[in-house]
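Engineer: What follows is a predicted protein model with its sequence.
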Amino acid sequence: MKTELLEKLKSGLIVSCQAFEGEPLYGDGIMVRMANAAVIGGAKAIRTNGVKDIKQIKEALDVPVIGIIKKHIEGYSVYITPTSKEALEVLEAGADIVALDCTKRPRPEPLKDIFENIRSNYPNALIMADIATVEDAEFVSQLSPDFLATTLSGYTKETRNRPKPDIELVKILAERFSIPVIAEGNYWEPSQVLEAMKAGAFAVTIGSAITRPHLVTARFNKFIQNWTKNKGLSEVQRK
Ligand SMILES: CC(=O)N[C@H](C=O)[C@@H](O)[C@H](O)[C@H](O)COP(=O)(O)O
């Protein structure tokens, strides 16, 4: 089962389909359509948030799902599947893989307990450790996660100024650990995806650049605005 899933994901593109309240694509059934489009385009797995979207995607499509539940708990910065409760809900909803914040930051429940609860209740489920640094990877590797994902580089206090995407982190993790590394977070260019693969990524996850059209639009718009601004400048300089 695990070998089969790893085979499916190897050197593949994972598409993250997430929309939150206030975002234009938030609403019942929209992420299923987005996931369908991603699968038609060749996505090997879908990463998604919340019981409803996990269930609907598993029901509608024949694709491995990496599930998370984003939940903010007062007093803590970790929010991606922060406790056993959310991890078990993700798996109960039908996800094949549960992803969770595995940084060394203070958390409401010890990571070891969360891993034990996942493994005793869902022995076939795989665990994806979302991390930000090599130190996080060292810390969580003691619990033998099935994947290390660079998801949180750039989103913690210590990593705020890291390059985006953090391909160097992919390289170090792939060299140091014998755990498959998922390159995730801030990939916007096909060339960056290739760099991550060359650096040793097992697979690459893309979210916003595919599934958040308001950000895709803003990015194109920025190029045009910059061009107009620079053109204006050069016209002034010529006068
Ligand atoms: C930091 C955090 O909360 N990341 C989340 C994790 O599930 C998602 O909001 C991201 O969209 C996902 O990681 C993919 O990244 P990008 O959208 O940059 O391709």
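Structural biologist: Yep, it's here.

Engineer: For the rest of this, base every contact and every neighbour count on C-alpha atoms.
Structural biologist: Will do.

Engineer: The helix or strand where Leu88 lies: which residues count as buried?
Structural biologist: When secondary structure is defined by DSSP states H and E, Leu88 falls within helix 84-92. For helix 84-92, burial by neighbour count (16 or more other CA atoms under 10 Å) applies to Ser84, Glu86, Ala87, Leu88, Glu89, Val90, Leu91.

Engineer: possible to save those residues as CSV with pLDDT and distance to the ligand?
Structural biologist: Formatted as CSV, the buried residues of helix 84-92 follow (pLDDT from 0 to 100; distance: CA to the nearest ligand atom, whole Å):
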residue, pLDDT, distance to the ligand
Ser84, 98, 17
Glu86, 98, 14
Ala87, 98, 14
Leu88, 98, 17
Glu89, 98, 16
Val90, 98, 13
Leu91, 98, 16
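
Engineer: Check which helices and strands the helix or strand Val193 falls within is in contact with.
Structural biologist: Assigned by DSSP H and E, Val193 falls within helix 190-198. Contacts defined by 3 or more CA pairs under 8 Å, 6 or more residues apart in numbering; DSSP states H and E place helix 190-198 against helix 167-176, strand 203-206.

Engineer: Which of these sits closest to Lys8?
Structural biologist: Relative to Lys8, the nearest member of the helices and strands packed on helix 190-198 by CA to CA is strand 203-206, separated by 10.2 Å.

Engineer: ok, residues contacting that closest one?
Structural biologist: Here strand 203-206 makes contact (CA atoms under 8 Å, 6 or more residues apart in numbering) with 9-16, 181-188, 193, 196-197.

Engineer: Please list which of these are also close to the ligand.
Structural biologist: Checking the contacts of strand 203-206 against the ligand by CA under 6 Å from any ligand atom, the ones in range are Ser16, Glu184, Gly185, Asn186, Tyr187.

Engineer: close enough to count as contact, the last one and Val193?
Structural biologist: This points to Tyr187. Yes. Counting by CA atoms under 8 Å, Tyr187 touches Val193, with 6.8 Å between them.
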